[in-house]
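S.K.: Here's a sequence, model it:
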Amino acid sequence: MPLVRVKTKYQVTLPTAVREQAGVRLGDLLEAKVEEGKITLTPKSVIDRGIAESLAEFKRGLSYGPFETAEEMLASLHRDARKLRSKRTERFRR
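M.R.: Reported below is the predicted structural model:
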């Protein structure tokens, strides 16, 4: 079992074998926790807030596609635009 030394500013260097086993790369983020007197470092990925919101909308079914071609995507956008125009027209007629 490899040992690591706590250096100034409480920094430690993860041994190469440990980093490779955990799949940790330069710039990765690790979550640090204390569990039963042990320090646990867990690799974490951070998702941009905009991406997280998009994923949430996708899960709620508020998405378009998937499309096989760009033409299919454009046709879908045109259908939605027609629906919006007809709703606006109905609102102005009242």
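
S.K.: which intervals of the protein have sub-threshold pLDDT?
M.R.: The model of the chain has pLDDT under 70 over residues 89-94.

S.K.: Tell me how far the biggest helix by length in the chain lies from the chain's centre.
M.R.: In the chain, with assignment by DSSP state H, the single longest helix is helix 70-93. Offset of helix 70-93 from its chain centre (Cα atoms, centre = their mean, to the nearest Å): 31 Å.

S.K.: which residues are contacting that helix?
M.R.: Helix 70-93 is contacted from outside by 64-65, 67, using Cβ atoms under 8 Å, 6 or more residues apart in numbering. C-beta coordinates here come from the backbone N, C-alpha and C atoms, glycine included.

S.K.: Mark which of those residues are buried, thanks.
M.R.: Buried by 16 or more other Cβ atoms under 10 Å: nothing, out of the contacts of helix 70-93.

S.K.: Name the nearest of the residues you listed relative to residue 8.
M.R.: residue 65 (52.8 Å; Cβ to Cβ).

S.K.: ok, now how distant is the spatially closest residue to the closest one that is not a sequence neighbour from residue 1?
M.R.: Spatial nearest neighbour of residue 65, chain neighbours left out: residue 73 (6.9 Å); criterion: Cβ to Cβ, 6 or more residues apart in numbering. Going from residue 73 to residue 1 by Cβ to Cβ, to the nearest Å gives 54 Å.

S.K.: tell me, how many neighbours does residue 23 end up with?
M.R.: By other Cβ atoms under 10 Å, 8 other residues sit near residue 23.

S.K.: The closest residue in space to it that isn't next to it in sequence: what's it in contact with?
M.R.: Spatial nearest neighbour of residue 23, excluding adjacent residues (Cβ to Cβ, 6+ apart): residue 43 at 6.5 Å. Shown in contact with residue 43 (Cβ under 8 Å, 6+ apart): 22-24, 28-31.

S.K.: Sounds good, over and out.
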